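J.: dropping a prediction and its sequence here:
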Amino acid sequence: MIKVKKQSLLIGIRSLDQLGEETKRAFRRLTQGLPPEQPINRLYFEDTATLFKSFTPKRMELLRMLRQHGPISIRQLASKLSRDYRNVYDDIQHLLDLDLVKKNRQGLFHVPWSNITIELSLAA
């Protein structure tokens, strides 16, 4: 397996206003010469329904398998997961769109994240 640098990804729910405020905060930190907040890599959804639609149990299992065995082809991945090729292909395409999965020059897929944290606020 290729040694992948430890990278963390924070996933959460943010409104457009909240995203704007976070961007302003990051810019202020930058202009003050302060380091960026950790983790730097973030992915936000507009609501929990959209988040949970993207992170189905099958896709979570796929991410874990890719992290453990990647880089790997979709066919190999489908075989290891005992899933239909077309369904795994569709899931990979969705995860590629979200930048949760990467494709290397040989056409094999891997997960660049060593840690993915999903943050859900219970506040209104």
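T.: Good, I have the coordinates. These numbers come from a predicted model, not from an experiment.

J.: which residues touch the one helix or strand Ser79 maps to?
T.: In this assignment (DSSP states H and E), Ser79 forms part of helix 74-81. For helix 74-81, contacts defined as C-beta atoms under 8 Å, 6 or more residues apart in numbering pick out 61-62, 65-66, 69, 72, 84-85, 87-89, 92, 109. In this view, the C-beta of every residue, glycine as well, is placed from N, C-alpha and C.

J.: list the contacts of the biggest helix by length in the chain.
T.: Among the segments of the chain that qualify as a helix by DSSP state H, the longest is helix 16-31. Contacts with helix 16-31, where a contact means C-beta under 8 Å, 6+ apart, come from 14, 35-37, 44.

J.: roughly how far out does it sit from the chain middle?
T.: 21 Å (C-alpha atoms, centre = their mean, to the nearest Å).

J.: just the CA trace of the very next helix or strand once past that helix, in CSV.
T.: Sequence-wise, the next helix or strand downstream of helix 16-31 (DSSP H and E) is strand 41-45. These are the backbone C-alpha positions of strand 41-45, laid out as CSV (Å, rounded to 0.1, in the frame of the first residue of the first chain):
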residue,chain,number,x,y,z
ASN,A,41,-9.6,20.6,4.7
ARG,A,42,-13.4,21.1,5.1
LEU,A,43,-16.5,19.9,3.3
TYR,A,44,-19.9,21.5,4.2
PHE,A,45,-23.4,20.5,3.3
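
J.: all set, thanks.
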